[in-house]
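Peer 1: After the sequence you'll find the predicted model.
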Amino acid sequence: MPLMNPKQKRLFSRPVSVLLGCATLLSVTAQAGHFDGDAGAGDPSWNNALNWSDNLVPTASTLVQAIDVSGAKGYGVEVRNAEAVAASVDVGIWGHPGLMTVVPGGTLAISGNMRVALDAGADSSLTHDGEMTIGGNLQLGEGNSFFNMNGGTVDVTGSFFMTEGGIGRLNLHGGTIMAAGLGLSTNGDYTIDITKGVLIAGGNHAADLRGMVEAGFITAYGGTGDVVVEYNAGLDQTTLRVPSAPYGPVAVQNGGFTVKKTGAQFFPVGFNYVDLRTNGVGSVFHDTFNPNHYVAATVSSNLTEIAAAGFNTVRVFIDASVDTNGVVAAWSDTELSSAYMLCVADFLEQAYSHEIYVLITLNMLPGSAAYNPYFDTVANIEYPNVVFMNPGWIKAERLFVRDFIQALGQLASERLVDTVFAFDLSNEVAHHLGWKPFSLSSGTVTPINGKTYDIATDKALLSDEMAVYWVDQMAEEVWLRAPGVLVDVNTFTYHAVHRSIGDFSLRGAVGANDWRDRYPFRPEVLADSGADFYDMHAYTADAAGLQAEIDSIDFPATSNAWSTAGKPMMVGEFGSFKSVLSFSQAVDWKRDEVDVFASLGFQGWLYWTYDSEIQERLWHAKSGTGEIFDVLAQGAKENYFGYPPAADDIDGDGMPDSWEILYFGSTSAVKGGAEEDYEGDGMANRSEYQTGTHPNDSASMFEIIDGQAAGSEVQLQWSTVSGKSYQPLRSESLTNPSWSVVGAPVPGTGSPESITVPDNADQGFYKVRLNR
């Protein structure tokens with residue numbers, strides 16, 4: 001069962017009455033004000049007084065009417081800022097359609113009721129991504145209503161009603177709706193579809209909800225997934241959700257990566273696995289899955305070496321070329337190349353057999369018959385900026401993501417579950433300053449989000465908002481097609497292109513492809529996007545160079561933003577240029593650099609590249625006799641897997657030689673091997689070292705001491721060591737386990753520690769993880 005937060009405690013601490021199909025609405029006497037949008041489509045903000053009929057921003061006594069001012073869902077009011085208030089809100093009323101959006105960061109407090117499509121004829125839509133509190137009821141009325149719950153929270157002190165006779169849909173695609181009561185129209189007029197979101201309501205509505213699920217009125221993933229209905233008698237609340245995400249082997253929890261099957265911490269370390277080819281005139285293309293060149297035996301040999309050294313992740317690129325080498329074989333094709341996709345599927349099968357996870361980069365959009373028809377033009381937006389700003393282009397990109405995942409699912413569906421670590425929807429996302437709109441010094445532009453920006457003053461705002469919008473679009477498509485597979489967003493730094501945050505000046509000519517005239521998506525704002533983790537790319541020669549790179553992205557603010565969002569950061573590309581570092585210098589700096597990455601809080605890294613010879617300017621990991629490969633392997637073990645420094649582990653068994661001598665008398669003692677058990681307590685010697693217990697004392701071990709279930713609570717108690725950190729975990733099943741964190745990490749004290757958590761499910765399984 002989900003843990004109850006403070007809001008839920010307040011909501012469900014009092015008796016509630018639950019009605020089906022009707023609502024008792026509060027009566028409020030106050031000043032009415034309706035949205036007329038006089039500020040124009042470019043600024044439909046709630047806080048702009050020009051947008052209201054009385055030219056006054058609504059107050060706590062205002063009865064708000066949120067009308068779709070241009071009809072047919074053209075544009076309506078947007079809550080963009082904090083502290084918006086109203087006595088009540090009607091999204092569509094008296095036959096007038098309504099349209100309202102609460103964007104991320106927007107907050108709205110309503111003392112009375114929120115009603116959507118109150119009466120017949122008022123076709124209305126509410127989209128929510130922010131924070132909303134409703135002192136009365138939330139009602140989907142007698143008109144045709146759409147409530148798109150995409151994120152954030154909606155906290156309803158009263159009840160959430162779907163009125164008998166109304167027609168509409170709740171799209172529960174993110175965030176949480178919490179209500180003290182629930183009133184449903186069970187006749188099918190209203191339907192609910194769930195992906196990420198959760199509905200929690202006071203009272204026992206399990207029978208009604210399950211009946212709606214059986215009748216097809218409540219679905220998951222458009223009818224392709226399962227729906228979970230749970231009633232917790234102890235809390236007297238019903239939860240509607242989907243099961244744990246079915247795809248992807250790794251989850252993001254508490255700012256880190258976790259292996260779903262085991263609950264173990266995961267640190268992605270490995271390589272960009274990149275085969276390249278040239279076209280004879282200097283252009284380089286990704287060749288990893290070229291069906292004319294792919295050799296399964298070579299892949300097997302390489303992955304065997306990578307896995308044997310302790311690496312666990314590789315990143316691969318999908319070639320968007322339209323020819324027999326690429327993911328689309330011919331310009332006229334409307335499907336992806338089956339020969340190419342078979343190579344991708346084979347690679348995933350081999351990665352699975354070697355216990356290696358794969359990060360897949362869909363680097364560009366193929367210009368084939370499947371996607372070309374969607375390429376559109378928008379005033380003052382030129383290629384390549386159309387990729388992130390134009391409705392048609394983004395539609396085409398989403399279709400490509402859909403097609404790729406579906407094709408992969410047909411060939412290797414299980415590998416989407418257990419091998420695909422993440423999808424990267426574009427390598428090194430950036431706006432191009434030599435092309436419109438960023439090349440302009442004046443004028444306006446209205447991209448896909450419907451907002452109009454003043455180019456002279458709004459370039460930074462335009463860049464940030466379109467970055468988040470584009471990532472959200474791509475992440476949504478991944479979630480719809482492979483829910484649970486992570487989404488990566490990566491950038492190079494501002495220092496890499498000789499500029500700083502907010503610098504939109506041109507280094508080259510307008511319309512020129514000057515490499516310096518790229519403005520990367522700002523990493524700090526991307527923490528609020530649908531991406532699951534941030535992936536920095538940096539090629540440095542020394543500590544000062546690395547410092548300059550991270551300074552340019554305002555690393556403290558970026559790190560804080562991603563930490564606050566509970567999402568990790570990693571380094572997805574780093575390497576060594578031969579023109580800057582000799583081979584021996586590269587070896588020495590990479591040894592130190594991965595230590596710095598770990599100290600900065602990066603949860604892993606991928607070196608560029610494993611063994612590619614085509615890019616002659618860079619030292620790859622297998623250069624020389626593999627010295628870079630070796631120092632990276634040791635760095636991964638020391639920083640992420642609890643191994644001691646190589647200087648104190650001459651025999652390389654993962655235990656310090658000094659520790660072995662202290663407890664066993666020598667590094668070659670009988671039963672003193674890493675996987676042996678010196679005192680016979682059932683715990684291997686290396687595990688004793690990593691947990692901080694004593695390997696020659698059978699009473700000193702890491703174990704759960706007690707576990708008790710009492711009513712709607714479970715209490716766990718386990719042994720701890722001072723200086724260590726522990727994370728309780730829970731899974732609904734051991735047949736197909738998916739471990740999720742329970743509460744915050746618990747610091748060790750040297751004495752037993754315990755936690756008590758609410759749990760009223762029929763069954764649940766707990767364990768405790770040592771955080772390294």
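Peer 2: Sure, I can see it.

Peer 1: Show the backbone phi and psi for Ala647.
Peer 2: For Ala647, the backbone dihedrals are phi -60, psi -20 (criterion: degrees, to the nearest 10).

Peer 1: Quick check: it vs Pro656, distance?
Peer 2: Going from Ala647 to Pro656 by CB to CB, to the nearest Å gives 10 Å. Just so you know, the C-beta spots here come from the backbone N, C-alpha and C atoms, and that holds for glycine as well.

Peer 1: These two - which one has more neighbours?
Peer 2: Pro656 (18 against 8; other CB atoms under 10 Å).

Peer 1: Now do the contacts for the more buried one.
Peer 2: Contact analysis of Pro656 by CB atoms under 8 Å, 6 or more residues apart in numbering lists Pro644, Asp648, Asp649, Tyr689.

Peer 1: Not counting sequence-adjacent ones, nearest residue to it?
Peer 2: Residue nearest to Pro656 in three dimensions, not counting chain neighbours: Pro644, with 4.0 Å by CB to CB, 6 or more residues apart in numbering.

Peer 1: cool, and Ser244?
Peer 2: That would be Ser738: by CB to CB, 6+ apart, it lies 4.2 Å from Ser244.

Peer 1: who's in contact with the one you found?
Peer 2: Applying CB under 8 Å, 6+ apart, we find Ser738 in contact with Ser244, Ala251, Lys260, Lys261, Ser731, Glu732.

Peer 1: can you tell me how far it sits from Val757?
Peer 2: Taking CB to CB, one finds Ser738 at 17 Å from Val757.

Peer 1: Please apply the same query to Gln65.
Peer 2: Separation of Gln65 from Val757 (CB to CB): 44 Å.

Peer 1: do Gly680 as well
Peer 2: From Gly680 across to Val757, the span is 34 Å (CB to CB).

Peer 1: on that earlier part again, mind telling me what element the residue nearest to Ser244 is part of?
Peer 2: Ser738 is part of no helix or strand, with elements assigned from DSSP states H and E.

Peer 1: Distance of it relative to Ala251?
Peer 2: According to CB to CB, Ser738 stands 8 Å off from Ala251.

Peer 1: shared neighbours of the two, anything?
Peer 2: Between them, Ser738 and Ala251 share these contacting residues under CB under 8 Å, 6+ apart: Lys260.

Peer 1: From the centroid of the protein, which residue is nearest?
Peer 2: For the chain, the residue sitting closest to the mean C-alpha position, by CA atoms, centre = their mean, is Asp532 at 2.1 Å.

Peer 1: okay, now the nearest residue to that one once chain neighbours are set aside: neighbour count?
Peer 2: Of all residues not flanking Asp532 in the chain, Leu486 sits nearest, at 4.2 Å (CB to CB, 6+ apart). Using other CB under 10 Å, Leu486 is surrounded by 27 other residues.

Peer 1: Over to Val478?
Peer 2: Using other CB under 10 Å, Val478 has 27 neighbouring residues.

Peer 1: next helix or strand past the helix ranked longest in the chain?
Peer 2: Among the segments of the chain that qualify as a helix by DSSP state H, the longest is helix 391-418. Later in the chain than helix 391-418, the nearest helix or strand by DSSP H and E is strand 420-424.

Peer 1: For that following strand, name the packing helices and strands.
Peer 2: Packing partners of strand 420-424 (3 or more CB pairs under 8 Å, 6 or more residues apart in numbering; DSSP states H and E): strand 357-362, helix 391-418, strand 486-492.

Peer 1: okay, and the helix or strand of this structure with the least pLDDT?
Peer 2: helix 6-11 (a mean of 26; mean pLDDT, DSSP states H and E).
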